[in-house]
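Student: next comes the sequence, and after it the predicted model I'd like to discuss.
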Amino acid sequence: MNSWWWWALPVLILPILWHRQKREQMKAVPLATARFLPSSRPVQLRTWRLQDLLLLLLRCLLLATLIAWLADPVLPWRGDSVLVVPGTPPAFVDRQLREAGLTDARRIDLPHRDAYRWLHEHEREFDPQARLLLVGDVAMPAALPRLRHALTVRPQAVPAPASERHVAVFSQRVDAWRKLFAALEGPQADVLDAQAGAKTELLIWDLPHAPPPGLRAPLWWVADSRAFPALEKAPQVDGLRYLDTPQGRLWSAPWLPPQDAAAARTLFETWQRLHLGVQPHTAPPQAPVVDARAPAGPNGGALRDALSAALLVLFALERIATHVRRR
Amino acid sequence: MSVLASAALAAHTGKLDLAIRHVLAGLGHGIHAGRERGAGVEFSEYRAYAPGDEWRRVDWKLMARADRYYVREAERDSHVAVWLVLDATASMLEPSRSVEGLDKLGMARLLLGCAGAIAQRQGDAFGLLVCQGERAHFTPAARGPRQLQRVLAQLERVDAAGTLPAPEVLRASLHFARAPSVVCVASDFLDWPSPLSEAMLRLRGMRHDVRALCLQTEAEIAADFDASIAWRDPEGDKRLFRFGRDVRAGYARQREEHFEMVARQCRAHDIPYVAAPIERAPADTLRAWLQAKRKAPGRRP
């Protein structure tokens, strides 16, 4: 959309015309016997002799810079590139580079797994002839990507790094909860604590009395709803009541801790989906069809700071030159 | 070509006295019309040598005795004073369109300097009046080489600007003209009648020998100017003027009428009027100017 501003470039003709007109009015040579000549109106000279060339140059540059600032151009400064998703082993990257024959390509480390989104945002920075190689654990997009550049995707599924999740359990039935978490599978290990701390992600309150007011956690599983009288009126979904309190979000159900495998799986999946987010799959190896008419990404604004500075400097210079000329 | 070379040479000589010497050398003794010739016919007094004195007037015997240069001054007071009047208004800056570096003011300065030098050789007193920028600069008349240097320095300092002084200013400057004098006026006479023309006629009415030199350029005479640029009057307002093939005849006619009128008035008042292009050799112009005859030479007081 911004590139429509380039159509304003003919405005540059205006200062040129103004300078030319001034030239016409001021040019006159003294002639002692001019009184014997008929007086005439200032004639329009047909020559393009320009005066104050410096000032004219400054004014044209100022206008051009202003238009460029509005148009917000993106320069295609990147050539053949290798986009590397974080966490990809270097040996794998090197092997893919050799196989694709892009050993002298520029390496770009992506900030996150969602490589297609990043590519869409920065695609205008790439030269139209640039070949791109996408390496690593690329997140699979929801729709087939449309790109203007030839792209090869060489994915490698990387197992999520092992981490631990702290669960604070306040209960008379600690063993039952421990069994429940021991049955869980996945890359994350659950650590059951007797006390709540800063790392606590889940707090299980299985006591009839109310918790101390200083106790906080992002999510509470309340097995005994007598501890929180407000839960009686809380909305419920599939038998699970939920309530947001200053101490954290409360989930409460009379069947906690779950007694059968299906209920436990449902509970964990819900927890996973709502609190930890969806983990995307790894994209399959693919080479999307090159489509020159694919929609361009948003404007980068990469040159905006430089252009603003240039605009300021040019404006100051133009004012100074005008002032000097008037004196 | 040699004629042009002479004018150009005079224009390009930086020092006025050198140019004058050059012009007068080419002139020989053709216009030395002083009645008293030679120095030291009737010895009067000794005077200290000053640069510019002729070597043959130095008394060598006295120099051998006193180890100083002394010059024998003779009894040869001329009663004629020569007044050099220079019009240094802005229009006098009109350059020659064919010879580079030559303009009316430079030529007027050179010719008046020559006239002054001749007056000094003849032993006449001479003074200078410069009309410039609405004012009249007045150098009183005196004799001798120092006066010549003074006058030449004044002439070299002149920078043309502005218009002629008001009539009353000029009239106030004419109080000098009591003794019989020769008044040499160098101007372009584009303004006529003007305060200067009034003063000339007035002086003529007081029976002085007034000599008018009208300086022109060859481009003016031939009515040949660049048609592609606009012109303006250096002494007028900001109006623009245009030259072209179609207005050439009108220009020539108007100009001719004007100078015809000037010449007629001069003739009527018995003022020798010489019009000369500045591209002409200065010696020729000088000879024509200073030797121009009046109708009735016997009427001179």
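Tutor: Done, it's in.

Student: so for residue 174, what's the nearest residue that isn't a sequence neighbour?
Tutor: In the absence of a named chain, chain A is used. Leaving aside its sequence neighbours, residue A:174 sits nearest to residue A:192 (CB to CB, 6 or more residues apart in numbering or on different chains; 7.6 Å). The C-beta positions use only the backbone N, C-alpha and C, and glycine is treated the same way.

Student: was after chain B, sorry
Tutor: Counting by CB to CB, 6+ apart, residue B:199 is the residue found nearest to residue B:174 once chain neighbours are left out, at 6.0 Å.

Student: and the helix or strand harbouring the one you found, how far out from the chain middle?
Tutor: Assigned by DSSP states H and E, residue B:199 belongs to helix B:195-205. Centroid separation for helix B:195-205 versus its chain: 16 Å, with CA atoms, centre = their mean, to the nearest Å.

Student: repeat that for stretch B:221-241.
Tutor: For stretch B:221-241, the distance from its own C-alpha centre to the chain's C-alpha centre is 26 Å (CA atoms, centre = their mean).

Student: can you tell me what sits against that stretch?
Tutor: A:27-32, A:34-35, A:37-43, B:89-91, B:93-94, B:97, B:162-163, B:191, B:219, B:242-245, B:248, B:251-252, B:255, B:277 (CB atoms under 8 Å, 6 or more residues apart in numbering or on different chains).

Student: one step back: these two touch, right, the residue nearest to residue B:174 and residue B:169?
Tutor: No - using CB atoms under 8 Å, residue B:199 is not in contact with residue B:169; the gap is 10.1 Å.

Student: ok, the two, which is more surrounded?
Tutor: residue B:199 (25 against 14; other CB atoms under 10 Å in any protein chain shown).

Student: residues of chain B that sit close to chain A?
Tutor: Within chain B, the positions lying close to chain A (CB under 8 Å from any CB of the partner chain) are B:90-94, B:104, B:188, B:190, B:220, B:225-226, B:229-234, B:236, B:239-243, B:247, B:250-251, B:254-255, B:258.

Student: residue with max distance from the center of the chain?
Tutor: Since no chain was named, I'll use chain A. residue A:36 (77.3 Å; CA atoms, centre = their mean).

Student: ah, no, chain B please
Tutor: Max distance from the centre of chain B (CA atoms, centre = their mean): residue B:65, 42.1 Å.

Student: read off the pLDDT value for that one.
Tutor: Residue B:65 is assigned 91 on the pLDDT scale.

Student: which helix or strand contains it?
Tutor: helix B:60-66.

Student: give the buried residues for whatever helix or strand comes next after that helix.
Tutor: Note on helix B:60-66: by DSSP H and E, the next helix or strand toward the C-terminus is strand B:70-74. The neighbour-count check on strand B:70-74 (16 or more other CB atoms under 10 Å in any protein chain shown) flags B:70, B:71, B:72, B:73, B:74 as buried.

Student: just give the closest residue to the spatially most central residue of chain B, not the sequence neighbours.
Tutor: In chain B, the residue lying closest to the centroid (CA atoms, centre = their mean) is residue B:112, at 2.9 Å. Counting by CB to CB, 6+ apart, residue B:112 lies nearest to residue B:84, which is 4.4 Å off, once chain neighbours are set aside.

Student: what angle do the helix or strand encompassing that neighbour and helix B:195-205 make?
Tutor: Assigned by DSSP H and E, residue B:84 belongs to strand B:81-87. Relative orientation of strand B:81-87 versus helix B:195-205 (axes from the mean of the first three to the mean of the last three CA atoms, to 10 degrees): 160 degrees.

Student: strand B:81-87 pairs with which strands, parallel or anti?
Tutor: strand B:125-132 (parallel), strand B:181-187 (parallel) (DSSP bridges).

Student: residue A:147: which of those is closest?
Tutor: Of all the strands paired with strand B:81-87, strand B:125-132 sits nearest to residue A:147, with 82.9 Å by CB to CB.

Student: what residues sit buried inside the closest one?
Tutor: Buried residues in strand B:125-132 (16+ other CB under 10 Å): B:125, B:126, B:127, B:128, B:129, B:130, B:131, B:132.

Student: the helix or strand immediately after it in the chain - contacts with which helices or strands?
Tutor: Using DSSP H and E, the helix or strand that follows strand B:125-132 towards the C-terminus is strand B:135-142. Contact here means 3 or more CB pairs under 8 Å, 6 or more residues apart in numbering or on different chains; DSSP states H and E; on that basis strand B:135-142 packs against strand B:81-87, strand B:125-132, helix B:145-157, helix B:167-172.

Student: ok, now with 7 Å
Tutor: Strand B:135-142 is packed against strand B:125-132, helix B:145-157, helix B:167-172, with contacts defined by 3 or more CB pairs under 7 Å, 6 or more residues apart in numbering or on different chains; DSSP states H and E.

Student: tell me which residues are up against that strand.
Tutor: For strand B:135-142, the external contacting residues (CB atoms under 7 Å, 6 or more residues apart in numbering or on different chains) are B:81, B:83, B:125-130, B:150-151, B:154, B:165, B:169-170, B:173, B:176.

Student: mind listing what residue B:194 touches?
Tutor: residue B:164.

Student: dihedrals phi and psi, it?
Tutor: With angles defined as degrees, to the nearest 10, residue B:194 sits at phi -150, psi 170.

Student: if I look at it, how far off is residue B:136?
Tutor: Noted for residue B:194: a distance of 13 Å to residue B:136, by CB to CB, to the nearest Å.

Student: same question for residue A:73.
Tutor: Residue A:73 is 69 Å from residue B:136, by CB to CB.

Student: packing partners for the helix or strand following the strand holding residue B:84?
Tutor: Reading on from strand B:81-87 to the C-terminus, the next helix or strand found by DSSP H and E is helix B:104-122. If you count contacts as 3+ CB pairs under 7 Å, 6+ apart, helix B:104-122 packs onto helix B:16-27, strand B:81-87, strand B:125-132, helix B:145-157, strand B:181-187, strand B:209-216, helix B:282-291.

Student: got the domain ranges for the chain?
Tutor: If you meant another chain, say so; for now it's chain A. A:2-27+A:42-74+A:303-326, A:81-155, A:163-276 (automatic domain parsing).

Student: oops, wrong one, chain B.
Tutor: If you go by automatic domain parsing, chain B breaks into B:2-30+B:77-299, B:43-74.

Student: point out the most buried one among the ones you listed.
Tutor: domain B:2-30+B:77-299 (a mean of 18; mean count of other CB atoms under 10 Å in any protein chain shown).

Student: got the phi/psi numbers for residue B:223?
Tutor: When read as degrees, to the nearest 10, the backbone of residue B:223 gives phi 50, psi 60.

Student: how far away is it from residue B:236?
Tutor: Counting by CB to CB, the gap from residue B:223 to residue B:236 is 19 Å.

Student: report the buried residues of the longest strand seen in chain A.
Tutor: Secondary structure of chain A read by DSSP state E shows that its longest strand is strand A:163-171. Across strand A:163-171, burial judged by 16+ other CB under 10 Å covers A:165, A:166, A:167, A:168, A:169, A:170, A:171.

Student: show me where the stretch 1-150 of chain A has strands.
Tutor: A:29-30, A:39-40, A:81-84, A:106-109, A:131-136, A:150-155 (DSSP state E, counting those that start in this stretch).
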